[in-house]
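Peer 1: A structural model of the following input is requested.
(one chain, ligands or ions: 1)
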Amino acid sequence: SKKIALITSGGDAPGMNAAIRAVTLQAEKYQYQVLGFIGGYNGLIDNHFITLDCHKVDDIIRKGGTILKSARCPEMLDNSGPKRVVETLESNNIDSLIVIGGDGSFKGCLAISELWQGNIIGIPGTIDNDINGTDQTIGFWTAVETALDSIDKIRDTANAFERIFIVEVMGRNCGFLAVESAIGSGAEHIVCKEIIEDEVQFIDNLLVNINKAIRNHRTDSYIIVMAENSLSFSAHELSKKIERYTGVDSKAAILGYIQRGGSPVAPDRVLATQLGVAAVEAIKANKSNIMVGMLNNTATETAFSATSYSNTYNQKIIRRLNQLNFNLD
Ligand code: F6P
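Peer 2: Down below sits the predicted model:
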């Protein structure tokens, strides 16, 4: 029999609970024990856990957040964190570790793997979709859905006043959330790092194009979806620049943390369940240092060292945008 430690780590994402449930139920099937450590790596450092079973995960598939809580853990970046994690793993006779989180959390896995021989499996959970080795991360579609709901509402008021709006979405350093939210909401423009070569030139073009679209009355309102961290200045400043240039009222709305919450949408629940099962199966097959993911509807395994966000994403994002050549400017 096996003893699995499970954590949710980094930015929480809708569907993490569904993954916790799937891991627990699949483990029970093989009579493996699952200890859920509380608060990401901090729970492993402080030996703070609960035992998971079918009762603990009953009806959590539809709940946002994570019953195991989450955190960012700076201690994992130096040697002391991983060392203390390994002490906890050893003192509890744990032989496997499953980490539901993002790229940063998987770096922690790599550090632990230098000191510990157990099976370490990652499950991609973040609203950013910035992980290589899976088409989507758990939480991404829910965050897009939440953004769409907000942008639709902003569109109503934008149309009523014939205003320009900048809607800033999350994504840390990745434009995926912005791209799918822009496509899904029918936004007129997108701002994200991946499509900016020269910021000054990009903004100049943006101003000219918006102005042209407004003069041509192509749409009643003009919505620009912007990924956080994509410019050297804020969404509010961009809005002011646009207002000055066009003479049209312009507002900025920052969606922020609402994108992290809420009941997971169907694709996130299904993905979380598939990946939770895949993680336990990987342990059963004695795999280690891999992240389980879904590529083209097929379960895949990717070495932690290859899960990082990379410029393959730029290409993916640019390809997505090329499909949308509506010429709204
Ligand atoms: O990684 C998820 C995310 O929500 C990013 O989109 C955002 O940049 C970041 O987390 C915010 O981090 P924190 O929760 O630590 O404020």
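
Peer 1: the helix or strand residue 156 falls within vs the ligand: in contact?
Peer 2: Using DSSP states H and E, residue 156 falls within helix 140-161. No: interface with the ligand: helix 140-161 contributes nothing (Cβ under 6 Å from any ligand atom), its closest point being 8.2 Å away. From N, CA and C alone the C-beta is placed, and that goes for glycine too.

Peer 1: hmm, who's touching that helix?
Peer 2: Applying Cβ atoms under 8 Å, 6 or more residues apart in numbering, the contact partners of helix 140-161 are 13-15, 64, 126-129, 163-165, 167, 169-170, 176-177, 180-181, 184-185, 187, 220-223, 225, 249, 251, 253, 255, 258-265, 267-268.

Peer 1: what about the residues you listed, which are in strands?
Peer 2: 164-165, 167, 169, 222-223, 225, 251, 253 (DSSP state E).

Peer 1: please enumerate the strands of the stretch 1-150 of the chain.
Peer 2: Using DSSP state E, counting those that start in this stretch, the strands of the stretch 1-150 of the chain run over 3-8, 33-37, 49-52, 96-101, 119-124.

Peer 1: what about the residue of the stretch 1-150 of the chain found nearest the ligand, how many neighbours?
Peer 2: Nearest residue of the stretch 1-150 of the chain to the ligand, counting by Cβ to the nearest ligand atom: residue 11, 3.0 Å away. Look at residue 11: counted by other Cβ atoms under 10 Å, it has 23 neighbours.

Peer 1: contacting residues around it?
Peer 2: So residue 11 contacts 70, 72, 102, 126-128, 260 (Cβ under 8 Å, 6+ apart).

Peer 1: so among those, which ones count as buried?
Peer 2: The neighbour count (16 or more other Cβ atoms under 10 Å) marks 70, 102, 126-128, 260 as buried among the contacts of residue 11.

Peer 1: okay if I get these as CSV plus distance to the ligand and pLDDT?
Peer 2: Below are these laid out as CSV (distance: Cβ to the nearest ligand atom, whole Å; pLDDT from 0 to 100):
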residue, distance to the ligand, pLDDT
70, 9, 98
102, 6, 96
126, 5, 98
127, 5, 98
128, 5, 96
260, 5, 98
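
Peer 1: out of those, which are inside helices?
Peer 2: Among those, none falls in helices (DSSP state H).

Peer 1: farthest-apart pair in those, please.
Peer 2: Farthest pair in the buried ones among the contacts of residue 11 (Cβ to Cβ) is 70 and 128. Separation: 14.2 Å.

Peer 1: per-residue pLDDT of the residue lying closest to residue 62 once chain neighbours are set aside, please?
Peer 2: Once flanking residues are discounted, residue 62 sits nearest to residue 263: 5.1 Å by Cβ to Cβ, 6 or more residues apart in numbering. Here the pLDDT value assigned to residue 263 is 98.

Peer 1: shouldn't residue 263 be in contact with residue 64?
Peer 2: Yes: here residue 263 lies in contact with residue 64, judged by Cβ atoms under 8 Å, at a distance of 5.7 Å.

Peer 1: between these two, which contacts overlap?
Peer 2: In contact with both residue 263 and residue 64: 14, 142, using Cβ under 8 Å, 6+ apart.

Peer 1: ok, these two, which is more surrounded?
Peer 2: Using other Cβ under 10 Å as the criterion, residue 263 and residue 64 rank with residue 64 on top: 18 against 15.

Peer 1: any part of stretch 233-252 near the ligand?
Peer 2: No: using Cβ under 6 Å from any ligand atom, no contact is recorded between stretch 233-252 and the ligand, whose separation bottoms out at 13.9 Å.

Peer 1: could I have stretch 255-272 exported to CSV, CA atoms only?
Peer 2: The C-alpha trace of stretch 255-272 is given here as CSV (Å, rounded to 0.1, in the frame of the first residue of the first chain):
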residue,chain,number,x,y,z
LEU,A,255,-11.3,42.4,-13.0
GLY,A,256,-8.7,41.1,-10.5
TYR,A,257,-9.4,38.4,-8.0
ILE,A,258,-13.0,37.6,-9.0
GLN,A,259,-11.4,35.6,-11.7
ARG,A,260,-9.9,33.2,-9.2
GLY,A,261,-13.2,32.3,-7.5
GLY,A,262,-16.5,30.6,-8.2
SER,A,263,-17.8,27.2,-9.0
PRO,A,264,-15.7,25.5,-11.7
VAL,A,265,-17.3,25.2,-15.1
ALA,A,266,-17.8,21.8,-16.7
PRO,A,267,-14.4,21.7,-18.6
ASP,A,268,-12.5,22.4,-15.4
ARG,A,269,-14.4,19.8,-13.4
VAL,A,270,-13.8,17.2,-16.1
LEU,A,271,-10.1,18.0,-16.6
ALA,A,272,-9.5,18.1,-12.8
